[in-house]
Each structure stands twice: as C-alpha cells, then as structure tokens.
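K.L.:
Quick one: sequence plus predicted model below, questions after.
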Amino acid sequence: MGFPGVWMTESESVVYRVVPKCACSTIGQIMYYSDHGEFFDGDIHDAKDKMHKWAHDYSQPVIEQNVKSHKSYAFTCVRNPYTRILSSFFDKICGIQRNGQRYRGKMVPLLVQKYGIEVGGDDGKQEFDQIKSFRRFLLFARDTIRWRRPMEPDIHWSAMSGHVSTFIVNGGRYNKIFWTEKFNGGMDQVLQSIDSPHAVDIKAIPRFNESEGHGPKRAHPVEDYFDDLSMHLVYEMYKRDFDLFKYDFHDPSNKMPVGEIDLDEVHAKLGE
C-alpha cells in the first residue's frame with residue numbers, strides 16, 4: 001500500500017500526510033516555499049516537481065525510505081468534522097471545479113436524481129434550500145462510507161482518521177498533529193522543529209484556499225445545517241475523528257477543539 005497522500009520537501013526537511021479539506025493547499029505552499037524561497041505558481045496539487053509526492057513514481061522510494069526510518073519530522077493537520085463535511089458539500093457537490101466541470105462527472109447528476117439534492121443550477125449560483133440539500137447529501141455520504149453504495153467514499157468526506165492511519169499502519173510515526181482552527185500556532189511549531197533552506201514567517205503567509213469561490217456561499221451558521229438526525233449521521237461517520245482529535249460532537253456551533261491530541265493514543269488506536 002505504501003504511503004498514499006504523503007508529500008515531502010525535496011530537501012527532506014519535513015514529511016506531511018495530506019488530509020483533504022484541512023488546509024492542505026496552504027501547507028503544501030509553505031513546504032514548497034521553505035525549500036525554494038518562492039510559492040508554486042498555481043494550485044500546489046498540480047506541482048509535478050520540486051516536491052516529492054507519493055503520486056509520483058520517482059518519489060515513492062525516497063518517501064518510503066525516509067518515512068520507514070523516521071528520518072524527518074512528520075506531521076498532519078485535522079479539522080472539525082462538522083465544518084469539514086459542510087465545506088466538502090459546497091466545494092465538491094455544489095461547486096464548479098477548476099476545469100469548468102462538475103466534480104467527478106456523473107456524480108452530481110446521480111445525487112440530484114437519487115437523493116433529490118439541489119446544487120444551485122448549472123453554474124452553482126442560483127438560490128436553493130441549502131439546509132435541505134445538505135442533509136440529503138449527508139445521507140449519500142453515509143451510504144458511501146457505510147455500504148460503499150452507490151459508490152466508494154470520496155477522499156474529501158471519508159473520515160480523517162482513515163487518512164491519518166495509513167501513514168501509521170505502514171510504518172510511519174507522527175511528530176505533530178495540529179488543528180486547522182489553530183493553524184498558525186500548529187504550523188509554526190512544525191517550522192520551529194525543522195531545518196529548511198528558507199525561513200518562513202507564518203504570519204506573513206497568505207491563505208491558499210483553492211476551493212474558495214468554487215461553490216455558493218454558506219448562507220447560514222454551521223449549527224443550522226445539523227438537526228438531531230444529521231448529528232447522528234455525522235457521529236456514525238466520524239466518531240473516531242471526534243474522539244481522537246478532540247472535537248465537540250454535542251455542539252456543531254463550537255468548531256474549536258475541546259482537549260489536547262494524545263499522539264500515543266492516535267498511534268495506538270490507528271495503528272491496529
């Protein structure tokens with residue numbers, strides 16, 4: 001299986017396990033800058049060189065050797081499950097992607113037909129009942145995660161603990177897991193722990209939100225999207241995420257963590 005979703009600086013100063021919808025564009029650009037003194041011109045997900053990625057065949061032996069020998073500082077970043085699934089809905093389901101198409105081609109028409117989801121028309125710009133459509137999307141997301149029907153779960157809404165665990169199961173070990181909600185402090189700790197060719201001032205770094213503007217703006221507070229049934233579905237999908245990464249399941253309006261992440265607990269429970 002190897003190390004899917006792992007990025008590493010060319011200098012091997014740091015290793016990062018990507019978790020989709022958790023500031024990965026910004027983190028990737030920071031890593032790129034720390035090596036080359038400039039940002040990648042475009043979406044960092046499109047970078048084909050100057051950074052090792054597991055998706056590139058030539059990078060795989062370098063990443064594998066590094067990770068298995070715990071040579072470099074390794075980290076990842078997580079996010080509140082409520083805001084993450086909402087973000088996935090507006091970006092991937094309602095939004096038009098960089099290529100001008102709907103995400104994953106026939107998926108959105110399938111959702112419209114089978115689950116009665118509205119997505120704001122052909123361009124994602126029209127008014128629609130966001131709360132009703134999002135709650136129907138939650139049913140679909142749960143079906144993909146629990147029964148793998150009508151399709152396999154997508155990386156943007158599959159549980160964070162699943163992404164985080166592949167790194168551990170295959171022999172990696174995290175030095176740090178931090179929250180997007182406390183991004184500057186967490187990323188700064190990573191940068192202070194590594195030696196990189198170029199210094200990074202975390203306060204001066206722009207945010208590279210590549211999904212910004214893809215879909216309609218969220219029209220309501222986070223908590224309005226989640227009734228009792230929705231919360232039950234979210235807990236069914238993301239129980240481990242709430243428990244391990246210390247988020248508040250009982251209050252969707254509280255996006256902040258409620259405890260400290262215990263790295264030993266994460267490695268023990270996700271390394272099984």
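P.N.:
Perfect, I can see it now.
K.L.:
Wait, a strand at residue 238?
P.N.:
No - secondary structure assignment (DSSP: H, G, I helix; E, B strand; the rest coil) places residue 238 in helix, not in a strand.
K.L.:
Run through the residues that contact it.
P.N.:
Contacts of residue 238 were listed using CB atoms under 8 Å, 6 or more residues apart in numbering, and they are 81, 85, 159-160. In this view, the C-beta of every residue, glycine as well, is placed from N, C-alpha and C.
K.L.:
let's see 10 Å
P.N.:
Contacts of residue 238 were listed using CB atoms under 10 Å, 6 or more residues apart in numbering, and they are 80-82, 84-85, 145, 157-161, 245, 247, 249.
K.L.:
residues of the one helix or strand residue 63 maps to that come out buried?
P.N.:
For residue 63, the element it lies in under DSSP states H and E is helix 60-68. When burial is assessed from 16 or more other CB atoms under 10 Å, helix 60-68 yields the following buried residues: 60, 63-64, 66-67.
K.L.:
now do stretch 112-127
P.N.:
Along stretch 112-127, the positions that meet the burial threshold by neighbour count (16+ other CB under 10 Å) are 115, 117-120, 124.
K.L.:
swap in stretch 8-16?
P.N.:
For stretch 8-16, the neighbour count (16+ other CB under 10 Å) marks 8-16 as buried.
K.L.:
what do you get for stretch 152-163?
P.N.:
Residues of stretch 152-163 classed as buried under the neighbour-count rule (16+ other CB under 10 Å) are 153-161, 163.
K.L.:
Pick out the most distant pair among the residues you listed.
P.N.:
Comparing every pair within the buried residues of stretch 152-163 by CB to CB identifies 154 and 161 as the most remote, at 15.8 Å.
K.L.:
okay, the closest residue to residue 183 other than its chain neighbours: pLDDT?
P.N.:
Leaving out its chain neighbours, the residue that sits closest to residue 183 by CB to CB, 6 or more residues apart in numbering is residue 23, at 5.9 Å. According to the predicted model, the pLDDT of residue 23 comes to 96.
K.L.:
Helices along the stretch 1-150 of the chain, start to end?
P.N.:
Applying DSSP state H, counting those that start in this stretch to the stretch 1-150 of the chain gives helices spanning 24-36, 60-68, 81-88, 107-115, 130-147.
K.L.:
Now distance to residue 236 too, for those, in CSV please.
P.N.:
Conversion of the helices of the stretch 1-150 of the chain to CSV gives the following (distance: least, CB to CB, whole Å):
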stretch, distance to residue 236
helix 24-36, 25
helix 60-68, 32
helix 81-88, 11
helix 107-115, 17
helix 130-147, 6
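K.L.:
Which of those has the lowest mean pLDDT?
P.N.:
For those, where the average pLDDT is lowest is helix 107-115, sitting at a mean of 93.
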